[in-house]
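Trainee: Would you be able to build a 3D model of this:
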Amino acid sequence: MPSASGILAPVASAFGLSKHKGSKSKSSGGVGSENLDTRNTTASSNERVAQTEEHNRTNGHSTPGTHDGLSGHQEPQRQEPRIQTRDSHAQSPRASTDTSRSGAGSRKKHSPSSPTPPPNPFAQSAPSISSVASGQGNAPMPPLSADYRRQVFGKMNDGGFNSPKDSGSPRSSSDIVRSSADVLRTNANFSSATSLDSGRTGLSADLPTHPNELNTIAQLDRLPIGTEVNFRARIHAQRQLSKALDFLLLRDQTHSIQGVLSRDNMDMVGWVQKLHPESLVQVGGVLKEPPEPIRSASHAGVEVDIHTIHLVNAAANAPFTNYKPPETLRNRMTSRILDLRHPSNQALFRVRSMVTRQFRETLEERGFVEINTPKLQPAATESGAAVFKVNYFGRNAFLAQSPQLAKQMAISADFGRVFEVGPVFRAENSNTHRHLTEYTGLDIEMSIDKDYHEIMYVVDDFLKAVFTAVYSMPEVEVLQKRWPSSEFKWLEETLVLDFKDGIQMLRDDGRDVEMEDLSTPDEIRLGQLVKEKYGTDYYILDKFPASARPFYTHKDENDPFFTRSFDIFLRGQEICSGGQRIHNADELRKNMLAFGMSDEGMEDYMSGFDLGAPPHGGAGLGLERIIAWMLELGDVRYASLFHRDPKSLPERKPGLPHPEADTTKPFPDGQLPPVEKLIANYGDASNTSWLDERFQIWRHENGAAIGYVPQDKFCMMTGDPLCDQSQHREVINEFIKFVGSELRLTPMWMLVSYEVQKILATELGWRTLSCTEEQRVDADKHHAMSTGPKARRVEREGVKIHEVKPDEDFIKRANPAIEEWKASRQGKQVHLTEVRPWVDTEHRRYFAAEKDGRVLAMVVLAKLAPRHGWQVKWALDFPRSVNGAIEVLIEHALSSVTGQVTFGVGVSEKLTPGEHLHGIRARFLATTYNSLIESLGLRKKADFRSKFGALGEEVYICYPRHGVGLRDLQQVIKFFQD
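Mentor: Residues are numbered from 1 along each chain as shown. Below is the predicted model of the structure:
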């Protein structure tokens, strides 16, 4: 098998990346790398040690690598040297291990060459409630007799389960306390440095190690001193002691090792010292034993004497380094990819992987089947939680706030026992440390044999298996350097409290609480009280009140005020809700009515109960909460790879389609961008008319443009200036000066936005009014019309509805139809733009209705600024077209784009005075306006557009106070008429 350096060499040679022509190296290339090799100039180890000691005496340094880069600012206690023989592989074996689990424990299989570890008291299944109760597969549950319940939970009375009370009697099994510290101490005797080595992940550390081939840092500890190695890593930090001596802390996931670069070739050392932290490098060198343990590296008893180093990929513009990461959550999450590289996060997500794997193993051992349920649902009535509404091809759908309904449907389909690991969506605007809008749910649902506590047993079994498995992972030690946590304790026989007893504990503590769902502060305080009294961080609260549960929760037969449901808590915070579901269809419908719900949209769900569903129940756990509370991360966001909360996905200013036409940036060559590109960057519907021949274009030195038409003594303008909004004030003032000084005309500005009319009114004192509106629709609500009488008629007539390219053939067929359409118009025509569809085809999309090669209708969409979307520039229903073809064609065009679409400007219902317009003048204008639109029939076009859901957005007409009389406003009508 060729070495990694041999593979890299041709690549480096091809790009001419050799740093020194005269250097010879066994590893002579790198992937996109620069090669440095000083094999012939290598200082001896004694010389390097002497240099280091002399430098330390001169500069007051102690040993190399004293900063704990892996744990941020904290520096751990000095470690004693690890004694390990490196003469051969046989003298320092890494046992290849495997794991098998049952109940709450896990057992390791050690290879014959492995040293026998000390006995692990947690290696066998603990006599937990789950291991006693659940059995294997789908075996029937044992009868829940009083003796059995006492065996499982302790003493019991009619009110539910009570934990053993304090007494002077000898300790029973229910008093046995497990703790994270016990598990960590037990596993500390094993030689594995990571769970990768213990067989839990099956990654690179388990693969055979081969000198001179590309290894990982995790594998280097298996190789004897003096072995030549090649590996890739990131530069975690550097300590530059001199121009000839450099210490590099090299990091690969959770592992780190110190590299020493001590060379006479100062160019090489200087080049390495300029490499940025987080850069990916490939290192070749020899394993050495350091003068003393390297406290800042996870591999403290070995270092690499670097011979070659290749830059695989440089890291640029990193906002922080993982050697000294920021403390605030916001800064970490802003650069999440960089933050995820930190060893603590690498360890954290291995823990997360362990939890999901343990979930699957625990349930599969008990006969559960993994399912995947749909996340798009037709109804939002599942549990009362807020939901995300989505547009499902013009119909309403909702993101599932849990797989609850689908899980129950699977049980109705006789799956028996099911589970799912999948996303859960909650549209709750809760910006707290415990809420996410999208999280990973661990859900189970199962048929019940005797009692709903069977569900509790399974979940309890899983969680206690997780506690033991997680705290057996060496990654926990890496985690605790960044997130120190207190000892986590749980009882061998899990504490189960009645909800009423929990409320009483809070009342005895002086808190005023009602017999209803607990608030977060009450949950936390109850957790503290439970810890003080029972010595556990993990407990179950049973029999919640009905007012705190969803509609499908089964009520307690002895007291309907309460339900057969429970919550599970870690360190005083809820991680799981579960219980028995109502399985009788009539009872379920009755309960839905009591909740004010209808079964509309839930027909599939209800059909399972009408067909006879078995008694069943289930539970849902939040993966992020389990990890965050168990390890005391402080915030669930840390446990999510890329978290989603109410502040995620912030609205961003859309980018410009033509960055080269950005008016906020200079144009080095002095050539201003064309108007067509400015319209695509900044324009609205009115700006597209500037491409007509009657418009003249004024340009500002920053590239901005304004279109105008001289008309009698007036200068008529339409639409906002084409430039960035921040430049409007400057551009408008310059243009008005141009109109007065050079054109010597009176300006009149029409169809401008509210922001522009505000500038004209406040800066120049102009009068403003609104009698027109931009008629916009949301294209996301429109879909190609495939049903309905008009669509069926069009299909029956053999009309083809499709998007077309404006090639020579189509233009040749469309032009006669356009001319025939123009000739067929009668009476006065009021419009802003001419019908010239083949202008600026780069920013147009064309749609046609055709039959037998004849164009019956045509729709042209014009691309506007990203915030405005598209314009239906022309919708032409040609003579002798099929009835309904234009409506079907418009719907097809709207369904082809997303976001906002405007039909252009239409008339308003009434004239609305704006700035500096009131009294008799305003009333006269309003009366004149009403008469005018009636005589010209201007409302017909607006009525047609309303069929497609068009909504009006006011645009304004603005003119100077002096120089424009009421009669002069007739110029507006003249401007829009043929």
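Trainee: Quickly list the domain ranges of the chain.
Mentor: Domain ranges of the chain: 4-67+208-324, 97-187, per automatic domain parsing.
Trainee: What sits closest to Gly952 if chain neighbours are left out?
Mentor: Distance criterion CB to CB, 6 or more residues apart in numbering; nearest residue to Gly952, sequence neighbours excluded, is Glu773 at 3.3 Å. (C-beta placed from N, C-alpha, C; glycine too.)
Trainee: which helices and strands does the helix or strand where the one you found lies pack with?
Mentor: Assigned by DSSP states H and E, Glu773 belongs to strand 767-778. Secondary-structure packing of strand 767-778 (3 or more CB pairs under 8 Å, 6 or more residues apart in numbering; DSSP states H and E): helix 754-764, strand 900-913, helix 919-936, strand 951-959.
Trainee: quick one, phi psi at the nearest residue to Met630 once chain neighbours are set aside?
Mentor: The shortest distance from Met630 to any non-neighbouring residue, by CB to CB, 6+ apart, is to Leu570 (5.6 Å). Backbone geometry at Leu570, expressed as degrees, to the nearest 10, gives phi -120, psi 130.
Trainee: Spit out the contact partners of Leu570.
Mentor: Counting by CB atoms under 8 Å, 6 or more residues apart in numbering, Leu570 makes contact with 537-538, 625-626, 629-630.
Trainee: try 6 Å this time
Mentor: Residues near Leu570 by CB atoms under 6 Å, 6 or more residues apart in numbering: 538, 629-630.
Trainee: Equivalent analysis for Val675, please.
Mentor: Residues near Val675 by CB under 6 Å, 6+ apart: 697, 705.
Trainee: Repeat the analysis, applying 10 Å as the threshold.
Mentor: Residues near Val675 by CB atoms under 10 Å, 6 or more residues apart in numbering: 661, 683, 687-688, 690-691, 695, 697, 699, 705, 707, 722, 840.
Trainee: Could you single out the nearest of the residues you listed to Met750?
Mentor: Using CB to CB, Gly707 comes nearest to Met750 of the contacts of Val675, at 11.3 Å.
Trainee: Starting from His299, give me the distance back to the spatially closest residue to the closest one that is not a sequence neighbour.
Mentor: Nearest residue to Gly707, sequence neighbours excluded (CB to CB, 6+ apart): Trp690, at 3.4 Å. According to CB to CB, to the nearest Å, Trp690 and His299 sit 68 Å apart.
Trainee: more neighbours, those two?
Mentor: In this view Trp690 and His299 are compared by other CB atoms under 10 Å, and Trp690 has more residues nearby, 25 against 22.
Trainee: Wait, the more buried one touches Met716, no?
Mentor: No. With contact defined as CB atoms under 10 Å, Trp690 does not reach Met716; the gap is 11.9 Å.
Trainee: tell me, what's touching these two both at once?
Mentor: The contact sets of Trp690 and Met716 overlap at 707-709 (CB under 10 Å, 6+ apart).
Trainee: In helices, which of those appear?
Mentor: In helices, judged by DSSP state H, none of the shared contacts of Trp690 and Met716 are found.
Trainee: What lies in contact with stretch 732-741?
Mentor: Taking CB under 10 Å, 6+ apart as the rule, stretch 732-741 contacts 698-702, 704-706, 708, 710, 714-715, 717, 720-721, 723, 745-749, 752, 756, 759-760, 763-764, 766, 960.
Trainee: hang on, the earlier thing: redo the contacts of Leu570 as TSV? Include neighbour count and secondary structure.
Mentor: Output for those, formatted as TSV (neighbours: other CB atoms under 10 Å; DSSP: H, G, I helix; E, B strand; the rest coil):
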residue	neighbour count	secondary structure
Tyr538	25	strand
Trp629	26	helix
Met630	26	helix
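Trainee: Looking at those residues, which one is closest to Pro378?
Mentor: Trp629 (34.4 Å).
Trainee: Contacts only, for the closest one.
Mentor: Contacts for Trp629 (CB under 10 Å, 6+ apart) come out as 434, 485, 488, 527, 537-538, 569-575, 622, 636, 639.
Trainee: per-residue confidence at the closest residue to it other than its chain neighbours?
Mentor: Of all residues not flanking Trp629 in the chain, Leu570 sits nearest, at 4.1 Å (CB to CB, 6+ apart). Per-residue pLDDT puts Leu570 at 94.
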